[in-house]
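Chemist: this one's sequence-less:
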C-alpha cells in the first residue's frame, strides 16, 4: 500500500501523504510528484499537508527540490493546509516565503482560486 496519494481534479495535480515527512518517504513523495506532473503536464501541483504531523531536514530538502524543479518548468507548487509544526519548521528555516502556502485549500477550488490563495 502506497504512503502517497496522487489524484487530479480540474486540471490540477493533488498529492498527499500522512505522518512525518522525512527519510525515504520524502524522496518517494518528491519522485512521485515530479513523475506525475511530467506525465500529466500539470501547471499547478497542490501538496496537501493536512495529515503531515512533522517534517525533518530530508522533508524540507525534498520540498525545496520539488519547488525548484517545478518552477524551472514554469509550473507552480502550492503547500496546502500545513499543520502548525510543519509551518513552524518552514518559518524556522526562513523558507515559508519560498513556497506558496495556504491553510484554506480544498479540491473544489478552480485553478485561479488556488493561485490566488496565499497566507500572509
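Modeler: On my side now, so go ahead. Here the structure is a predicted model, which is why all the values come from computation and not from measurement.

Chemist: just say helix, strand or coil for the residue sitting nearest the centre point of the chain.
Modeler: What sits nearest the mean C-alpha location of the chain, by C-alpha atoms, centre = their mean, is residue 47, with 2.8 Å. Here residue 47 is recorded as strand under DSSP: H, G, I helix; E, B strand; the rest coil.

Chemist: tell me where this structure has helices.
Modeler: Taking DSSP state H, the helices of the chain run over residues 23-40, 57-72, 84-92, 111-116.

Chemist: buried residues of the second one, list them for me.
Modeler: Looking back up the chat, that one is helix 57-72. 58, 59, 60, 62, 63, 64, 66, 67, 69, 70 (16 or more other C-beta atoms under 10 Å). Every C-beta, even on glycine, is put in place using the N, C-alpha and C of the backbone.

Chemist: contact partners for the residue nearest to the centre of the chain?
Modeler: 15, 16, 29, 33, 63, 66, 77, 78, 79, 80 (C-beta atoms under 8 Å, 6 or more residues apart in numbering).

Chemist: same question for residue 75.
Modeler: 37, 42, 43, 44, 45.

Chemist: now do 7 Å
Modeler: By C-beta atoms under 7 Å, 6 or more residues apart in numbering, the contact list for residue 75 reads 37, 42, 43, 45.

Chemist: show me what contacts residue 33?
Modeler: By C-beta under 7 Å, 6+ apart, the contact set of residue 33 is 15, 45, 47, 66.

Chemist: tell me which residues are up against stretch 35-42.
Modeler: So stretch 35-42 is contacted by 6, 8, 11, 12, 13, 45, 70, 75 (C-beta under 7 Å, 6+ apart).

Chemist: I'd say the fifth one and residue 45 touch.
Modeler: Yes. Taking contacts as C-beta atoms under 7 Å, residue 13 lies within contact range of residue 45: 4.5 Å.

Chemist: could you report the neighbour count for the residue nearest to residue 90 when sequence neighbours are not counted?
Modeler: Ranked by C-beta to C-beta, 6 or more residues apart in numbering and with sequence neighbours excluded, the top spatial neighbour of residue 90 is residue 96, at 4.4 Å. By other C-beta atoms under 10 Å, the residues close to residue 96 number 16.
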